[in-house]
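Trainee: Provided below for reference: sequence and predicted model.
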Amino acid sequence: AAGRWGPRPKFLNLVFSCIVGVSGLNLLWNTAHPPTPKVTEELKDIVELPKGSRPDIYHLVLDGFGSQKSLKEKLNLDLSWFTNGLEKRGFHVAADARTNYVQTELSLASTLNYSFIPSLLPEVSPDEHDRRILSNLIGESAAMKKLIKSGYRFNMLGSGFPALSFGRYEISLPSNERITLFEGTLLEMTPWRQSGHTAASQYRQHYDDLNLAFKWLESNAKPTAVPRFTFAHILAPHPPFVIDENGSYVKPKGPFGLWDGSDFLQNFGDQKQYTTGYGNKASYAAKRTLAVVDKLLDANPKNPPIIIIHGDHGSKLGLDQNSLEKTDLQETFPILYALYVPEGMRGSFKSVETPVNTYRKIFRALGAPDLPDLENRSWYSTFPRPFRLTEVTDRLKQSDS
């Protein structure tokens, strides 16, 4: 066969095909068969919520969306119009909210199981590097099981992020030309990685998927006979930065990737590119989120929904994926955190909130008083060793004072 890489003997074709095939099967097997962790007994008894009001619940995770304070101070990005807009619509916006973990899988596993990772996975070694053991905690979470058992219909709107898989509950968005992250990883092993076509296709797909996700959320804002629990992971303002200042598509240079923090700076771009790209994508996500909120609140005024909007972690310009000492904790941990709960169901809200208590608040609002808030605690871990957790709660408290 001849092409841009020149003639290649049939034998080498066969060897090349075998290598790619074996690598692909290995990736596919590992993705489909993550190791099964021993989960704490604490969450095994999934009791039904008390009878009562059943408002729809919408949980929007805006990946990497930092707090207004941190974005203004660290990235010179003023999104006060967004947080003010949420407050005018009846949201509680926690001004000093912060994440419990600075990595998506850890953060969402903790949030959706309303417990800390050491309690959920007490036997996991600090030296464990395989983060796929969090997949079951995310895809079969205690919050999802409790709400389904209590009569909710569950839909999950995904972003293509491999760790977030909800099987038959997941909504598939249409796309003209879809390349999954798994397929993209496989293509990186082939000569086609040298072509700009794959990256261009994935960048454009990512932009289209963001638009489709917000459109789907708006169209889903209709009253139904059965209460709905909708969980949406929106990969914004997290890289890749595919949006310009006007909200239009722009293709970044280089190969497609989800690099963030120090990995972005080492493999992709500089601080200016990060700051500009993050600002454009955050502004886009904020505008689209307010439009979704308006649709949700207008759809059923007699039985308004519960709406959860937060970042799983903050912006990561100052995050070092391998070093706590080199990480700016005051940038990476503060997050956007906003809750809308119908007036008759509202409990107490504080300036400092962390996502681990989200469903404890929601379940109390739905009539389960036996779930008090946990202490607001936060941990850092490196990307290579996600379970080697170092608590940074006191350092973050010092920044609040």
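Mentor: Done, it's in. Residues are numbered from 1 along each chain as shown.

Trainee: Provide a list of residues in contact with residue 90.
Mentor: By Cβ atoms under 8 Å, 6 or more residues apart in numbering, residue 90 lies in contact with 297, 340. (Glycine included, C-beta is placed from N, CA and C.)

Trainee: Verify the stated contact: residue 58 with residue 308.
Mentor: Yes. With contact defined as Cβ atoms under 8 Å, residue 58 counts as touching residue 308 (7.0 Å).

Trainee: Have a look at this structure and report the helix or strand with the lowest mean pLDDT.
Mentor: For the chain, the helix or strand with the lowest mean confidence is helix 10-32, at a mean of 45 (criterion: mean pLDDT, DSSP states H and E).

Trainee: mind saving the C-alpha coords of stretch 346-363 as CSV?
Mentor: This file holds the C-alpha atoms of stretch 346-363, laid out as CSV (Å, rounded to 0.1, in the frame of the first residue of the first chain):
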residue,chain,number,x,y,z
ARG,A,346,-35.2,25.5,51.7
GLY,A,347,-32.8,24.8,54.5
SER,A,348,-29.7,26.6,55.8
PHE,A,349,-27.0,27.7,53.4
LYS,A,350,-23.5,29.0,54.2
SER,A,351,-20.9,31.1,52.5
VAL,A,352,-18.5,28.1,52.5
GLU,A,353,-19.9,25.0,50.9
THR,A,354,-18.4,21.9,49.4
PRO,A,355,-20.0,19.4,46.9
VAL,A,356,-20.0,16.5,49.3
ASN,A,357,-22.9,17.9,51.2
THR,A,358,-25.1,18.6,48.1
TYR,A,359,-27.3,15.6,48.2
ARG,A,360,-27.4,15.7,52.0
LYS,A,361,-29.1,19.1,51.6
ILE,A,362,-31.3,17.9,48.8
PHE,A,363,-32.5,14.8,50.7
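
Trainee: contact partners of it?
Mentor: Residues beyond stretch 346-363 that count as contacts (Cβ under 8 Å, 6+ apart) turn out to be 49, 57, 59, 92, 94-100, 107, 110-112, 114-116, 142-143, 146, 306, 308, 310, 312, 335, 337, 339, 341, 364-365, 371-374, 376-378, 400.

Trainee: In strands only, show me these.
Mentor: The members of the contacts of stretch 346-363 that map onto strands under DSSP state E are 57, 59, 92, 306, 308, 310, 337, 339.

Trainee: ok, for the fourth one, nearest residue in space, not its chain neighbours?
Mentor: Once its chain neighbours are removed from consideration, residue 306 has its nearest residue in residue 57; the separation is 4.7 Å (Cβ to Cβ, 6 or more residues apart in numbering).

Trainee: out of everything not next to it in sequence, what's closest to the most centrally placed residue in the chain?
Mentor: Nearest residue to the geometric centre of the chain (Cα atoms, centre = their mean): residue 63, 4.3 Å. Nearest residue to residue 63 in three dimensions, chain neighbours excluded: residue 238, at 4.1 Å (Cβ to Cβ, 6+ apart).

Trainee: Do I have it right that that neighbour meets residue 61?
Mentor: No. With contact defined as Cβ under 8 Å, residue 238 does not count as touching residue 61 (10.3 Å).

Trainee: on that earlier part again, pull the number of nearby residues for the residue nearest to residue 63.
Mentor: For residue 238, the neighbour count with other Cβ atoms under 10 Å is 26.

Trainee: List the buried residues of the longest helix anywhere in the chain.
Mentor: When the chain is parsed with DSSP state H, its longest helix is helix 271-299. For helix 271-299, burial by neighbour count (16 or more other Cβ atoms under 10 Å) applies to 273-286, 288-290, 292-293, 295-297, 299.
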